[in-house]
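A.B. asks: Attaching a predicted model along with its sequence, questions to come.
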Amino acid sequence: MIDLPKHKEDFGQTLGFWGVPSGSYLVLPFFGPSSPRDAVGLVGDALFNPLTYVSVFGGAAVSAVTSGSRALDVTDSRADLMTTEKIVDEGAIDRYDFI
């Protein structure tokens, strides 16, 4: 084991660290609220993810595993947002204004 520390950053945060401005508010279908910098970061995340290339050059079994991995990632992201949704539901008179 190498004992490298785990970091939970994405390519959009890396671009921000290197001085790329976030830009205006943007809502992407299926991805939700974002900024142009984070939208470019999503492309960078896909390009640096090894599962992207395995699914392109692999067979049906590899494709199924990659799809399962992505479904698990979406489910995990949704589970992380459930506490935030509860705060919004309890604390907001008008949900749209609160957000």
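C.D. replies: In hand now; what should we look at? Residues are numbered from 1 along each chain as shown.
A.B. asks: which is the next helix or strand following the helix or strand bottoming out on mean pLDDT in the chain?
C.D. replies: Counting by mean pLDDT, DSSP states H and E, the chain has its least confident helix or strand at helix 50-57, which shows a mean of 71. Heading C-terminal from helix 50-57, the first helix or strand you meet, by DSSP states H and E, is helix 60-91.
A.B. asks: What is that following helix packed up against?
C.D. replies: helix 50-57, helix 95-98 (3 or more CB pairs under 8 Å, 6 or more residues apart in numbering; DSSP states H and E). From N, CA and C alone the C-beta is placed, and that goes for glycine too.
A.B. asks: Pull up the gap between residue 34 and residue 50, please.
C.D. replies: Distance, residue 34 to residue 50, using CB to CB, to the nearest Å: 24 Å.
A.B. asks: just residue 2 next, same as before
C.D. replies: From residue 2 to residue 50 the distance is 17 Å (CB to CB).
A.B. asks: now do residue 32
C.D. replies: Residue 32 is 25 Å from residue 50, by CB to CB.
A.B. asks: repeat for residue 80
C.D. replies: With CB to CB as the criterion, residue 80 and residue 50 are 23 Å apart.
A.B. asks: rewinding a little: residue 2 and residue 50: who's more crowded?
C.D. replies: Higher neighbour count among residue 2 and residue 50: residue 50, with 7 against 3, using other CB atoms under 10 Å.
A.B. asks: Please list all residues in contact with the spatially most central residue of the chain.
C.D. replies: Closest to where the C-alpha atoms of the chain average out (CA atoms, centre = their mean) is residue 42, at 7.0 Å. Contacts of residue 42 were listed using CB atoms under 8 Å, 6 or more residues apart in numbering, and they are 10-12, 31, 34.
A.B. asks: Alpha carbons of the helix or strand where it lies, as CSV, please.
C.D. replies: Taking DSSP H and E as the definition, residue 42 sits inside helix 36-48. C-alpha atoms of helix 36-48 as CSV (Å, rounded to 0.1, in the frame of the first residue of the first chain):
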residue,chain,number,x,y,z
PRO,A,36,-19.2,27.0,-17.1
ARG,A,37,-16.0,26.1,-15.3
ASP,A,38,-17.6,23.0,-13.7
ALA,A,39,-19.2,22.0,-17.0
VAL,A,40,-15.8,21.9,-18.6
GLY,A,41,-14.6,20.1,-15.5
LEU,A,42,-17.2,17.3,-16.2
VAL,A,43,-15.5,16.7,-19.6
GLY,A,44,-12.1,16.7,-17.9
ASP,A,45,-13.3,14.2,-15.3
ALA,A,46,-14.6,11.9,-18.0
LEU,A,47,-11.4,12.1,-20.0
PHE,A,48,-9.3,11.3,-16.9
